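**Q** fold the following for me, if possible:
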Amino acid sequence: MPTQDEEIARHLREAAASGELSRVEGYGKPLPEDAGWNATPEELRMPFKILKNAGVVPPEVELFHKRAALSAALEAATNEAERASLRAQLSDLQQKIALRLESLRVNRSLRAASANSALTQP
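**A** Here you go, the predicted structure:
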């Protein structure tokens, strides 16, 4: 019984022989580079690529989305007490983001950043 890899290879050979592959846009050309690939530390490229391909958003990106939502809520707030609360939340979140990014920069490891975020989570 052929393995899955052997079946895939067979299917690709058949598609190449029939000319089906040559009609695909970009056939024979290198794959386009992901945005930010060169700016990402080498040690984090593959883990981030795996997360992206799996449809999982890295925690840092989720924090950026929360920051944007808090900023929008702050701009829309009319009550001064609500604005003060949102400013405090935004300040805490910005500090959390800065610490997490610094941990990634210094340690170049997702493991260290995850451990640090577990310590700083409320």
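
**Q** okay, CA-based contacts and neighbour counts for the rest of this
**A** Noted.

**Q** how far away is Glu6 from Glu33?
**A** Applying CA to CA, to the nearest Å, the value for Glu6 to Glu33 is 28 Å.

**Q** these two: which is more packed in?
**A** Shown here are Glu6 and Glu33; by other CA atoms under 10 Å, Glu6 has more neighbours (11 against 8).

**Q** tell me the pLDDT at Ala68?
**A** pLDDT recorded at Ala68 is 93.

**Q** ah, wrong one, I meant Gln89
**A** The predicted structure scores Gln89 at 96 on the pLDDT scale.

**Q** okay, buried residues for the helix or strand where it lies please.
**A** For Gln89, the host element (DSSP states H and E) is helix 80-107. In terms of neighbour count (16 or more other CA atoms under 10 Å), helix 80-107 has its buried residues at 83, 86-87, 89-90, 93-94, 96-97, 99-100, 103-104.

**Q** which of those residues lies closest to Leu12?
**A** Leu12 has its nearest neighbour among the buried residues of helix 80-107 in Leu104, at 39.7 Å by CA to CA.

**Q** so how far is Pro47 from that closest one?
**A** Taking CA to CA as the measure, Leu104 falls 13 Å from Pro47.

**Q** where does this structure dip in pLDDT?
**A** The chain contains residues with pLDDT under 70 at 108-122.

**Q** where exactly do the helices run in it?
**A** 4-18, 42-53, 59-76, 80-107, 110-120 (DSSP state H).

**Q** tell me the angle of the second one relative to helix 80-107?
**A** Between the axes of helix 42-53 and helix 80-107, defined by axes from the mean of the first three to the mean of the last three CA atoms, to 10 degrees, the angle is 130 degrees.
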